[in-house]
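In: Show me the folded form of this:
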Amino acid sequence: MRSVTFGSVSESRDGTGRPTDGSLVRAAQGGDADAFGVLVERSRRDFGRYAVAMLGDADAAADAMQEAFIRAWDALEDCRDPDRFRSWFFRILANQCRTALRRRHPAIAVDDVEVAAPDRADAAAERSELAARIDAALSTLTPEQCEAFVMKHVEGRSYDEMVALLGVSDDALKMRVYRARDALRGLLGDAR
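Out: Numbers count the residues shown, from 1 in each chain. Model (predicted):
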């Protein structure tokens with residue numbers, strides 16, 4: 001990596017010529033709001049889908065992301081390892097999503113679901129209802145179970161990635177995913 005100047009702070013660039021997250025964090029810690037803006041855009045792209053999947057609502061996800069950015073900016077001096085900013089920010093965002101989930105009440109009761117055959121005219125409506133029931137079922141999980149399930153089965157992350165982001169043991173994450181799948185299976189019956 002080579003060192004260059006960004007704002008008033010020296011930084012490193014990655015193999016693509018972009019400033020590294022660590023160099024942007026160090027610049028932002030030095031007061032460079034533009035550097036933090038770059039981190040916000042990267043985080044919005046990378047973690048926005050996670051927030052939507054966790055909360056099941058784009059508006060709620062946008063609110064959680066905004067609050068996470070504010071908290072990250074306010075606590076930026078507490079980021080002890082700027083090169084691990086993504087993990088640090090992810091914990092802030094995950095906590096925001098958990099808080100939002102705890103405040104929420106399930107919108108509908110989940111019953112056994114029968115899915116229409118694809119060739120039926122009302123199949124699209126029934127698939128839409130199934131999606132709503134799955135969202136409602138996800139909202140009944142503990143925030144930790146929902147988070148692990150979304151990361152594993154919606155985002156397709158490996159357990160190694162999940163461990164790095166959440167700072168939780170591999171075994172604990174596997175148990176959360178197992179319990180989430182088990183709970184969803186019980187709530188949704190044989191719906192597929």
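
In: report the longest helix in the protein, please.
Out: If you go by DSSP state H, the chain has its longest helix at helix 33-55.

In: Using PDB, write out every CA atom in the helix or strand just after it.
Out: Elements were assigned by DSSP states H and E; along the chain past helix 33-55, the next helix or strand is helix 58-74. Output of helix 58-74 as PDB, limited to C-alpha atoms (Å, rounded to 0.1, in the frame of the first residue of the first chain):
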ATOM      1  CA  ALA A  58     -37.200  -0.300   3.900                       C
ATOM      2  CA  ASP A  59     -38.300   2.700   5.900                       C
ATOM      3  CA  ALA A  60     -37.500   1.100   9.300                       C
ATOM      4  CA  ALA A  61     -34.100  -0.100   7.800                       C
ATOM      5  CA  ALA A  62     -33.300   3.500   6.600                       C
ATOM      6  CA  ASP A  63     -34.100   4.800  10.100                       C
ATOM      7  CA  ALA A  64     -31.900   2.200  11.700                       C
ATOM      8  CA  MET A  65     -29.100   2.900   9.300                       C
ATOM      9  CA  GLN A  66     -29.400   6.700   9.900                       C
ATOM     10  CA  GLU A  67     -29.300   6.200  13.700                       C
ATOM     11  CA  ALA A  68     -26.300   3.800  13.400                       C
ATOM     12  CA  PHE A  69     -24.400   6.400  11.400                       C
ATOM     13  CA  ILE A  70     -25.100   9.100  14.000                       C
ATOM     14  CA  ARG A  71     -24.000   6.800  16.800                       C
ATOM     15  CA  ALA A  72     -20.900   5.800  14.800                       C
ATOM     16  CA  TRP A  73     -20.000   9.400  14.200                       C
ATOM     17  CA  ASP A  74     -20.600  10.300  17.900                       C
END
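
In: And the helices in the protein?
Out: 21-29, 33-55, 58-74, 85-103, 123-139, 143-149, 159-166, 170-188.

In: Show me the least confident stretch of the ones you listed, going by mean pLDDT.
Out: With a mean of 72, helix 123-139 has the lowest mean pLDDT of the helices of the chain.

In: Can you report how many residues lie near residue 151?
Out: Neighbours of residue 151 under the rule other C-beta atoms under 10 Å: 25. Bear in mind the C-beta positions are built from the backbone N, C-alpha and C, glycine included.

In: And for residue 156?
Out: For residue 156, the neighbour count with other C-beta under 10 Å is 8.
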